[in-house]
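> let's see this in three dimensions:
(4 chains)
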Number of protein chains: 2
Amino acid sequence: MAQAEQTSRRAATEARILDAALDVFSAHGFRGATLDGIARAAGMSKPNLLYYFATKDEMHIALIDGLLDTWVDPLERIDPAGDPIEELRAYIRRKLGMAREYPRESRLFANEIVQGAPRIMPLLSGRLRALVRMKAAVIRQWIDDGRLAPVDPAHLLFAIWATTQHYADFDVQVRAVLDTDDPARFDTAQATLEALFVEGLRPRD
Amino acid sequence: MAQAEQTSRRAATEARILDAALDVFSAHGFRGATLDGIARAAGMSKPNLLYYFATKDEMHIALIDGLLDTWVDPLERIDPAGDPIEELRAYIRRKLGMAREYPRESRLFANEIVQGAPRIMPLLSGRLRALVRMKAAVIRQWIDDGRLAPVDPAHLLFAIWATTQHYADFDVQVRAVLDTDDPARFDTAQATLEALFVEGLRPRD
DNA sequence: GTCTATAAAGAGATAGAC
DNA sequence: GTCTATCTCTTTATAGAC
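Numbering: from 1, shown residues only, chains lettered A, B, ... in the order given. Below is the predicted model of the structure:
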């Protein structure tokens, strides 16, 4: 009993810290984040924080590692056996859903990448690159079969990433520009993006 | 003579500092940037830097202010009297050209906005918002005239911003994912985006 | 496991010589 | 205008009591 309870207690505290760390890292970037800020958000002292994660780097790594699977999941779920247009429409929906439900996670990655991805470059040129190659082959096959307009598969994926993540990463700009702090902005975004991509990808002739 | 020469000498030094500051701010964000780093990049001592710009904030403000006009210019040039599809195609080209020619400037703004735009919020909810409203009205008129597929004008602009700026802001990811460090990636991007948007925006029925 | 106190390094800004 | 030296505050991390 003692062993399991201690383990789960530790896991709970670690989860509380990582949630606080996500708040702070996503809002200020790695360097802009401070242990003071994370400690405050987690409701504990700074040395206690460092009892669980020895360094600021270690905390950031734990956070990224814990999010990887969730982050690439929408792309992995594109089904080669499905209808091309519907598969891509569903992918856009999933990605926009991620931007809506997990904006902090999106901004965490955005901060990293904009600043040259010093801590996640291995992920980008490893797992992500391999996954893109795989899905690009699927899309290329769809095009060859005449079921999709001819576009560059990788750049199509970039366009979907950019347009959907925009609503998380640049949320403050979206809200500043729109008339009101439009609570329906994600629904309008979804309708707009689906229309653009679906019509843009429909096979010609 | 003395007066003018001193003025131009000062202007040249200021320009050299701002170029170094753009390097460092765009690569690390405001908080991640250090005066040491900027001084090194500018080839001068830290106190000398502060002789020209009294504070780090002042340097950042001078940089942003100097870039504003350039930054909104592509949107301003959308012509209500032009052909809708061609105007938007040209806008995409101009924006992608900016991402290609001025990636540091794009990342400077991206860093700001991802982190909540603490220093440029007035710009977003002022000048940018007003400009978007104006151009959104133009696009809405085009749609009402049946010259463009019905999409939300503001979100269409977001989609163009997102897809084009992606090639500057997430350049490290684009290069990591593509097969080679593809020097033609901007050309492929342009072809892909033009195809997507032009087909996606062609009036239906 | 959690805290207070503190060491050690980093970074913005100033003093003052040249 | 430019520099070296330095002040001061912030921030990462450690020491050691409870």
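> for the residue nearest the centre of chain A, give me its contacts.
Nearest residue to the geometric centre of chain A (Cα atoms, centre = their mean): residue A:106, 4.0 Å. Applying Cβ atoms under 8 Å, 6 or more residues apart in numbering or on different chains to residue A:106 gives the contacts A:98-99, A:165, A:168-169. Glycine gets a C-beta too; all of them are placed from N, C-alpha and C.
> angle of the helix or strand hosting residue A:110 against helix B:103-114?
According to DSSP states H and E, residue A:110 maps onto helix A:103-114. Comparing the axes of helix A:103-114 and helix B:103-114 via axes from the mean of the first three to the mean of the last three Cα atoms, to 10 degrees yields an angle of 160 degrees.
> the helix or strand hosting residue A:62 and DNA strand C in contact?
Here residue A:62 is covered by helix A:56-76, with elements defined by DSSP H and E. No: judged by Cβ under 7 Å from any atom of the strand, helix A:56-76 stays clear of DNA strand C, getting no closer than 12.2 Å.
> list the contacts of that helix.
With Cβ under 8 Å, 6+ apart, helix A:56-76 has contacts from A:14, A:17-18, A:21-22, A:25, A:30, A:33, A:35, A:38, A:49, A:53, A:91, A:94-95, A:98, A:102, A:105, A:108-109, A:112, A:119-120, A:123, A:127-128, A:131-132, A:135, A:157.
> hmm, that helix in reach of DNA strand D?
Yes: applying Cβ under 7 Å from any atom of the strand, one finds helix A:56-76 in contact with DNA strand D at A:56-57.
> after that helix, which helix or strand is next?
Helix A:56-76 is succeeded, C-terminally, by helix A:84-101 (DSSP H and E).
> what helices or strands is that next one leaning on?
When contacts are defined as 3 or more Cβ pairs under 8 Å, 6 or more residues apart in numbering or on different chains; DSSP states H and E, helix A:84-101 sits against helix A:56-76, helix A:103-114, helix A:153-169, helix A:185-201.
> now those helices in TSV, with mean pLDDT and distance to residue B:145?
Output for the helices and strands packed on helix A:84-101, formatted as TSV (pLDDT from 0 to 100; distance: least, Cβ to Cβ, whole Å):
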stretch	mean pLDDT	distance to residue B:145
helix A:56-76	98	37
helix A:103-114	98	37
helix A:153-169	98	26
helix A:185-201	97	18
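> helix or strand: which one has residue A:22?
Counting by DSSP H and E, the element that carries residue A:22 is helix A:2-32.
> the helix holding residue A:62 vs helix A:153-169, what angle?
Using the same axes, to 10 degrees: helix A:56-76 against helix A:153-169 is 120 degrees.
> could you pull out the buried residues of helix A:56-76?
Neighbour counts over helix A:56-76 (16 or more other Cβ atoms under 10 Å in any protein chain shown) mark A:56, A:59-60, A:62-64, A:67, A:71, A:74-75 as buried.
> residue A:162: how many residues sit nearby?
When neighbours are counted by other Cβ atoms under 10 Å in any protein chain shown, residue A:162 registers 22.
> contact partners for the spatially closest residue to residue A:171 that is not a sequence neighbour?
Of all residues not flanking residue A:171 in the chain, residue A:103 sits nearest, at 6.1 Å (Cβ to Cβ, 6 or more residues apart in numbering or on different chains). Contacts for residue A:103 (Cβ under 8 Å, 6+ apart) come out as A:26, A:168, A:171.
> now for the second one: which residues touch it?
Going by Cβ under 8 Å, 6+ apart, residue A:168 touches A:98-100, A:102-103, A:106-107, A:110.
> before we move on, what about residue A:167?
A:96, A:99-100, A:174, A:185-186, A:189, B:158.
> please redo it, this time with the cut-off set to 7 Å
A:96, A:99, A:174, A:186, A:189 (Cβ atoms under 7 Å, 6 or more residues apart in numbering or on different chains).
> of all those residues, which two lie farthest apart?
Distances among the contacts of residue A:167 were taken as Cβ to Cβ; the most separated pair is A:96 and A:174, at 12.5 Å.
> residue A:53 and residue B:130, how far apart?
46 Å (Cβ to Cβ, to the nearest Å).
> looking at the two, which is more packed in?
residue A:53 (20 against 11).
> mind checking pLDDT for that one?
pLDDT, residue A:53: 98.
> grab the nearest non-local neighbour of it.
residue A:59 (4.1 Å).
> one step back: just the buried members of the contacts of helix A:56-76?
Counted by 16+ other Cβ under 10 Å, the contacts of helix A:56-76 give A:17-18, A:21-22, A:25, A:30, A:33, A:35, A:38, A:49, A:53, A:91, A:95, A:98, A:102, A:105, A:108-109, A:112, A:120, A:123, A:128, A:131-132, A:135, A:157 as buried.
> could you pick out which of those residues are near DNA strand D?
Okay, of the buried ones among the contacts of helix A:56-76 touching DNA strand D (Cβ under 7 Å from any atom of the strand), that's A:33, A:35.
> how much space is there between the nearest residue to residue A:25 once chain neighbours are set aside and residue A:26?
Nearest residue to residue A:25, sequence neighbours excluded (Cβ to Cβ, 6+ apart): residue A:33, at 4.8 Å. According to Cβ to Cβ, residue A:33 and residue A:26 sit 9 Å apart.
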